[in-house]
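Novice: Have a look at this prediction, sequence included:
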Amino acid sequence: MATTSSFSKGCFVFKANPQTSGRSPRKKTKKFSSADLNEDLNASSLFAKSDKSSVAIRLDSYRKIWAATKKKSEDIISDSHKQLLHDVKTFVSDNADIGQSSIPTAFISLGVNLPDHAAFFSLLDTTLKTNVSPFVAMLNSKECPSLKHMVLKTIQKLTSCDSVDDEIERDEEEDDEIVPIKPTSKIKTFANLATWYSDVVMKTPLIVILQDLESFNTQQLQDFVLLCREYRVRSKLPIQFIMGIATTVALQQQLHHRTSVCLATKSFQSQPSVVLLNHLIEQLFMKNSVLKLGPRLMQLLLDGFLYHDLSLSSFMMRVHLIIMQHYITLPVSSLCCSPSELKNRIKELSEADLDLYRQIPSFMKFIEKNRSKVSLLTDDKEFRQFLLKSLERLNTYSKNFSLSCRVLHSLSDGMPDALFGKSLREVYVNLLIGSESEDWDQFIRLLNVSSAHELRNRIETAFTMLKECDTSNSLSDFTTSLILFSEELKHLGETQKTDAAATSPKSQNVFVPQGKKLDKFELKAQLLATAKQTRPTTKFDEIKSDIITWLNSELANQLKSPSTLVFHEIFYAGSQVQTSWDIVPWIRRQVQPVPRVVISKALSNPASYLGCNCCSLTGQESQVLSSMPDLCIVYKLHTECGRLINLYDWMLSFNAIQKKDDEDDNEEIEPIIQARFIRAVAQLQLLGFIQSSKRKTDHVARLTWGV
Amino acid sequence: MRDLSDGMLIPTLTKIPEFTGLNICIILISEIPFEKFRCGTGSLDPIHIFFPQYSKEEILDLLMKECPQPEHSSLYQTYLSMILGVFLVACRDFCELRYIAAQHWESFMEPIHSGEIDKNQAVKLWRHLEPKLRSSLNQVYVRGPDACGTTIGLKMELPFFSKFLIIAAYLASYNPARYDRRLFVKAKEGRKNKDKGLKSLKKQKLHNAARLMGPKVFPIDRLMAIFYSIVDERVTPSLNIFVQISTLVSLKLLTHTGSAAMFQGVPKYRCNAGYDLVRSLARTVNFELGRYLYDTTV
């Protein structure tokens, strides 16, 4: 069972379904559940399943880390919306006055990452309710299949916020009294709403939020807008719209001229989600975080984001999945904790635990290289010390690594071809994967030809950046050398001005042909000669070579890929480890479900799911065995057919397979076989592989080709 | 009213006096000529009274009544004549003109408030205002986010594969299916059928303006086939791709056609994105759209 993947996993992308069959239903539920309590319960039950030592510790650190990560990411996301929320809020309160014939409308373009919008709108809802007006109706297109529903929902939501307040107050006053019939139930039309509003004490605007403008029916939307406008003008209902749009492309189709003249619009735009992603990665994985992502998982996450959905919420879901899976699957993850706890935890490790740590590939490699340290394999005390030392080194390393990435980014920023990547995130990911030596060479070459001024600018930006980020002074030698270089360059700039007068005439003389006319060959020879002459090394050249040697030794040393360090597997999720610990294939299956492949694998090789011996395939995939389920046999037979399949022929071959063992060549097909065949065909149709064809009777059409 | 009438409403209305024998006068107000309403027999033609178009002076007078700052009324009049001078060529809709006038008033008053230009220097004011008016002349009747000066325009942020999906959908919508093989089979075959193809194409010059004919419907298989052939990388046919298709549908960049019921045949789509959008998308992913478009390849 260990190798199978869930049959139904692909079908539940956005919804939790506790009834999913397969290997680990709880894990899946876990991925989607939102309630914290639920999550915690799930997590503990999951951890309990992995019956290895140190479960409690691992569960504890998982909880801590996930809570920290979640909080950080939520903060980042809500921070990013702050400006937008503020703008919208001021727009709404500025336009609160009645009298305009058109409805004030805010268009908020939020980009195509639809799943993320919900978070923004809930924030917007609370902000508006607390700051501007309690009357906010948030609608999405799913709630409003028709105009009637739309109006009802709007009115219900607008009035309910008021009555809820009332109820709470009432409840506080007299708990036992029977709550009278809500006044809201009577309000069913805009006319009613107008009378209701005239009684309301607070004359704050009525805000209608349409979350996904694109998905509303055009005609319905138009009617709704006209209706609202009518009541805004006649009955002085201060209705305002806030419309969320994903793209501006369909807007002209969605709002006709007749509708749009009723709206006084203003547009707002959220930050592009790629910017947010960069920020998120910088904050989550480049700053003192305990668990980092290995190159393979980082690539997987970025692919998912950039190529598929641009959605931050699903990005965070995947991160969650990875963090959890890292702690569940990796028995050595008990040491993946904050540096302060490290010492105690190592002390608490049992002998069996220590053996687990000795199995880590990077440690084995280390031992192979350093035969002298073989005693580590047997001596527990020594090993504990070694473990502590290497893990501490790893911690400082990863801190320095991300700082060095920043240095490199500010040094290489603006170079042609965007050597290590345009943004910090790209630089980080590129270096994490393993620095490409070509890029590094090119980088050194470009630095070599840059002018003193440029070089100084680069170094100074790197230096200021370092000062901003580095609070602990862990890279003090870095800073000092950077200061040194910039000082030297500055000094050089001053001296060069005085030198310039003296050197320039001389250097000009070299290239100017003297007096007489040279023929082509002579000129060439002379030019070659001058080129060969080594130019006198200036002070600048010296400094430059100093800088480059420093870069090649110090910075390059800091920028080694983490996979070169001992025990990096503990802190970098998804590093190369032995297969039983490797979480990458599992994660990949979860974040990139391939339902088609899974279904056809299940149908062509049922033994992999059923785990039975009777229908295990000995040879090729196309083998058909009578012991297989009917559906599989029918599926396999149909893959051999063309576009149109004759049902009778199909049934004959089905019959032939079922009868393989019996000798008698009876042409008659048993009714029971026929029934089983028909049932299997119906199932195949339900799975979407075939379809009844109108072109030929007794034929069905195939709908799929290949895998 | 035309939709409501069901063919009988207008004839009935016009005959009310006849039916009732009373002196009832029916007044119908319409923006389109009565010929458009005429349907069936038995209806009496009403007496037409044409409401004349507002003249420039009349519009000016009407707009003057809504002067936002009464103390600047003479200035407002100058301003209005500027506005009308530019926009009257394109638009005679009073409501629209009122909107335009309100829209630009602020920017007109800006240099006066800041003291840059004296309010009596009409020529200078005109020079200040004219470029803004000219640029918004293209956006008369357009009231979107674009109209407010912030041009989001065609800039769109889409996942990498979604871009390719839209391009593929566009190609599927605007190329006839039988040319798919010629366009998408990779260059290995060369162009041996070129001459033959040219001849047959010349025969059907009608097809030349496929773009003008509007998008055609295509099944999902064709979309995926084109998608895989134009994306250079190997793409896992994961669920994420199909989710993107449905996202594009909800963004109204694709339209789902065909029966909505499950298991009723292959889902069919139509591309909603325009040529400009697709071209700009193709440019961002370095895809040569022209090479694969049936119109432009020949």
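Specialist: Looks like it came in fine. Quick caveat, the model's predicted, so the values are computed rather than measured. Residues are numbered from 1 along each chain as shown, chains lettered A, B, ... in the order given.
Novice: Which pLDDT value goes with residue 100?
Specialist: Chain wasn't specified; assuming chain A. Listed pLDDT for A:Gln100 reads 63.
Novice: That was the other one, I meant chain B.
Specialist: Listed pLDDT for B:Ile100 reads 74.
Novice: Repeat that for A:Gln683.
Specialist: We have a pLDDT of 90 for A:Gln683.
Novice: ditto for A:Gln252
Specialist: Reported pLDDT for A:Gln252: 64.
Novice: which helix in the chain runs the most residues?
Specialist: In the absence of a named chain, chain A is used. helix A:55-94 (DSSP state H).
Novice: Not quite, go with chain B.
Specialist: Using DSSP H, we find that the single longest helix of chain B is helix B:94-114.
Novice: And that one, what does it pack against?
Specialist: helix B:56-64, helix B:73-87, helix B:122-137 (3 or more C-beta pairs under 8 Å, 6 or more residues apart in numbering or on different chains; DSSP states H and E). Where you see a C-beta, it was placed from the backbone N, CA and C, and this is true even at glycine.
Novice: which residue sits closest to the residue most central in space within chain A in space, ignoring its chain neighbours?
Specialist: Centroid-nearest residue in chain A: A:Phe315, 2.4 Å away (criterion: C-alpha atoms, centre = their mean). Nearest non-adjacent residue to A:Phe315, counting by C-beta to C-beta, 6 or more residues apart in numbering or on different chains: A:Phe305, 5.3 Å away.
Novice: How about A:Met298?
Specialist: That would be A:Val429: by C-beta to C-beta, 6+ apart, it lies 5.6 Å from A:Met298.
Novice: pLDDT value on the one you found, please?
Specialist: For A:Val429, the model assigns a pLDDT of 80.
Novice: Surely it touches A:Phe420?
Specialist: No: under the criterion of C-beta atoms under 8 Å, A:Val429 makes no contact with A:Phe420, lying 9.5 Å away.
Novice: Between these two, which is the more surrounded one?
Specialist: Taking other C-beta atoms under 10 Å in any protein chain shown, A:Val429 and A:Phe420 do not tie; A:Phe420 has more neighbours (27 against 21).
Novice: Leaving out sequence neighbours, find the closest residue to the more buried one.
Specialist: If the residues on either side of it in the chain are set aside, A:Phe420 comes closest to A:Val427, at 4.4 Å by C-beta to C-beta, 6+ apart.
Novice: That neighbour and chain B: what is the separation?
Specialist: 20 Å (C-beta to the nearest C-beta, to the nearest Å).
Novice: dump the residue contacts of that residue.
Specialist: A:Val427 makes contact with A:405, A:408-409, A:412, A:420-421 under the criterion C-beta atoms under 8 Å, 6 or more residues apart in numbering or on different chains.
Novice: What is the three-state secondary structure of residue 247?
Specialist: No chain was given, so I picked chain A. coil (DSSP: H, G, I helix; E, B strand; the rest coil).
Novice: was I right about it contacting A:Val112?
Specialist: Yes: the pair A:Thr247 / A:Val112 is scored as a contact, 6.5 Å apart, by C-beta under 8 Å.
Novice: So which bits of the helix or strand hosting A:Trp196 are buried?
Specialist: In this structure, A:Trp196 sits in helix A:190-199 according to DSSP states H and E. Judged by neighbour count (16 or more other C-beta atoms under 10 Å in any protein chain shown), helix A:190-199 contains these buried residues: A:190, A:193, A:196-197.
Novice: Can you tell me which of those residues is closest to chain B?
Specialist: Chain B has its nearest neighbour among these in A:Phe190, at 21.8 Å by C-beta to the nearest C-beta.
Novice: Give me the pLDDT value at the closest one.
Specialist: At A:Phe190, pLDDT is 81.
Novice: same question, A:Ala106
Specialist: pLDDT, read off for A:Ala106, is 85.
Novice: Contact partners for residue 293?
Specialist: This is for chain A. By C-beta under 8 Å, 6+ apart, the neighbours of A:Leu293 are A:285, A:301, A:319, A:322, A:432, A:572-574.
Novice: not what I meant, chain B
Specialist: B:171, B:174-175.
Novice: Out of those, which sit inside helices?
Specialist: Residues of the contacts of B:Leu293 located in helices (DSSP H): B:171, B:174.
Novice: Among the contacts of B:Leu293, which one has the most neighbours?
Specialist: Among the contacts of B:Leu293, B:Leu171 has the most neighbours (other C-beta under 10 Å), with 26 neighbours.
Novice: a markdown table please, covering the buried residues of helix A:190-199 and showing distance to chain B.
Specialist: Compiled in a markdown table, those are given as follows (distance: C-beta to the nearest C-beta, whole Å):
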| residue | distance to chain B |
| --- | --- |
| A:Phe190 | 22 |
| A:Leu193 | 26 |
| A:Trp196 | 30 |
| A:Tyr197 | 27 |
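Novice: Strands of the chain, start to end?
Specialist: Went with chain A since none was named. Along chain A, counting by DSSP state E, strands occupy A:103-109, A:136-139, A:206-210, A:239-245, A:263-269, A:292-293, A:572-573, A:644-646, A:690-692, A:699-702.
Novice: let's do chain B instead
Specialist: B:217-219, B:254-257, B:268-271.
Novice: and these, which one is worst for confidence?
Specialist: Mean pLDDT per stretch puts strand B:254-257 lowest among the strands of chain B, at a mean of 83.
Novice: Not counting it itself, show me its contacts.
Specialist: Under the contact criterion C-beta under 8 Å, 6+ apart, strand B:254-257 has outside partners B:166, B:169, B:217, B:245, B:248-249, B:267-272.
Novice: again, only using 7 Å
Specialist: B:169, B:217, B:245, B:248-249, B:267-272 (C-beta atoms under 7 Å, 6 or more residues apart in numbering or on different chains).
Novice: Which of these ranks first by neighbour count?
Specialist: Ranking the contacts of strand B:254-257 using other C-beta under 10 Å puts B:Ala169 first, with 28 neighbours.
Novice: so how far is A:Phe121 from that one?
Specialist: Shown here: B:Ala169 relative to A:Phe121, a distance of 29 Å by C-beta to C-beta, to the nearest Å.
Novice: So for the closest residue to A:Asn395 other than its chain neighbours, what pLDDT did the model give?
Specialist: Setting aside the residues directly before and after it, A:Asn395 is nearest to A:Pro339 in space (C-beta to C-beta, 6+ apart), at 5.2 Å. For A:Pro339, the pLDDT comes out at 78.
Novice: cool, the one 10 residues further on as well?
Specialist: According to the per-residue confidence, A:Leu349 scores 80 in pLDDT.
Novice: Tell me how many other residues surround the nearest residue to it once chain neighbours are set aside.
Specialist: Distance criterion C-beta to C-beta, 6+ apart; nearest residue to A:Leu349, sequence neighbours excluded, is A:Arg384 at 7.2 Å. Counted with other C-beta under 10 Å, residues neighbouring A:Arg384 total 17.
Novice: Skipping adjacent residues, who's closest to the residue in the stretch 601-707 of chain A that chain B sits nearest to in space?
Specialist: Relative to chain B, the nearest point of the stretch 601-707 of chain A is A:Gln691 (6.1 Å; C-beta to the nearest C-beta). Counting by C-beta to C-beta, 6+ apart, A:Ala701 is the residue found nearest to A:Gln691 once chain neighbours are left out, at 5.1 Å.
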